[in-house]
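# got a structure for you, letters missing:
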């Protein structure tokens, strides 16, 4: 069965909502949760997730909130921390990796940490039994794909197009997917621009999808009440999970 990864922004609008949403998404078919760490300059993200990041920061997000939330949900659903390198570096990369391990986090997604630079931290990730998710983009050469994919853990994050999250671009990824398959058996999950309308087609040749902006748009919708947002997110998760597996 193909997997569904859901991204939500931590502490938006508050920690209670993030916890309730995470557990509700699990019940609705989400296999892995990307717990977004708010940052002021999320360069890989589009306007929806950028707005969510800024609102969470304006609400007073602190890293200690990420830790307390993770303690509650990581035992219930497979959880990744998705964030930019600066907050992790500022806290102390070895410290934050150790904290993640102790809380039951399964890995990190750090979009602004290039593969070559990530190698400097590989040993501490391995020591703490955490995956550092690797990205492959349609612009990568076959040699670079080989370099990245040969030691990839958990899954490879296939970027659907060059650009930012939430866009509607399309690229032919057949050659990229084949290049990855030639090198590794590690699962391939596709992200960027995945929603209920695109998920079925994007998932056709891969093992799972990563959905962010579609969920975060619901969280940002001020016309919806607390429980309405949760219900709508659940409905979306169920629909996408059904779409990618039929």
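Thanks, I have the structure now. Because the structure is predicted, anything quoted here is derived from the model rather than measured.
# so which bits of whichever helix in the chain runs longest are buried?
Counting residues, the longest helix found in the chain (DSSP state H) is helix 226-244. Within helix 226-244, the residues that count as buried by 16 or more other Cβ atoms under 10 Å are 229-230, 232-234, 236-241, 243-244. Every residue, glycine included, has its C-beta placed from N, CA and C.
# and those residues, which is closest to residue 12?
Within the buried residues of helix 226-244, proximity to residue 12 (Cβ to Cβ) peaks at residue 229, which comes in at 10.5 Å.
# point to the residue nearest the middle of the protein.
Among the residues of the chain, the one closest to the centroid is residue 34, at 4.0 Å (Cα atoms, centre = their mean).
# give me the element that one is part of.
Secondary structure here is read from DSSP states H and E; on that basis residue 34 sits in strand 32-36.
# just to revisit the earlier point, closest to residue 174 among the buried residues of helix 226-244?
The nearest member of the buried residues of helix 226-244 to residue 174, counting by Cβ to Cβ, is residue 244 at 17.7 Å.
# that closest one: what's it in contact with?
If a contact means Cβ atoms under 8 Å, 6 or more residues apart in numbering, then residue 244 has 2, 4, 199-200, 203, 208-209 as its contacts.
# kindly report the same for residue 26.
Contacts of residue 26 (Cβ under 8 Å, 6+ apart): 33, 76-77.
# in which helix or strand does it reside?
helix 15-27.
# residue 184 touches residue 149, doesn't it?
Yes - using Cβ atoms under 8 Å, residue 184 makes contact with residue 149 at a distance of 4.7 Å.
# anything in contact with each of the two?
By Cβ under 8 Å, 6+ apart, residue 184 and residue 149 have these common neighbours: residue 156.
# of the two, which one has the most company?
Remark: of residue 184 and residue 149, residue 149 carries more neighbours, 21 against 16, as counted by other Cβ atoms under 10 Å.
# could I get the pLDDT score of that one?
According to the model's per-residue confidence, residue 149 sits at a pLDDT of 94.
# tell me how far it lies from residue 160.
17 Å (Cβ to Cβ, to the nearest Å).
# what pairs with the longest strand seen in the chain, parallel or antiparallel?
Ranked by number of residues, the top strand in the chain under DSSP state E is strand 3-9. Its sheet considered, strand 3-9 pairs with strand 32-36 (parallel), strand 208-211 (parallel) by DSSP bridges.
# quick one: low-confidence ranges for the protein?
For the chain, applying pLDDT under 70 flags the ranges 162-171.
# confirm for me that residue 72 is in contact with residue 19.
Yes - counting by Cβ under 8 Å, residue 19 is a contact partner of residue 72 at 5.7 Å.
# these two: which is more packed in?
residue 19 (17 against 14).
# distance check, that one against residue 70.
From residue 19 over to residue 70 the distance is 10 Å, taken as Cβ to Cβ.
# can you check residue 211 too?
With distances defined as Cβ to Cβ, the gap from residue 211 to residue 70 amounts to 20 Å.
# those two: which is more packed in?
Neighbour comparison, residue 211 and residue 70: the larger count goes to residue 211, with 26 against 22 (by other Cβ under 10 Å).
# okay, now the closest residue to that one other than its chain neighbours: neighbour count?
Nearest in space to residue 211, with sequence neighbours left out and distances taken as Cβ to Cβ, 6 or more residues apart in numbering, is residue 194 at 5.0 Å. Taking other Cβ under 10 Å as the criterion, the count of residues near residue 194 is 27.
# what does residue 141 give?
The criterion is other Cβ under 10 Å. On that basis, residue 141 has 9 neighbouring residues.
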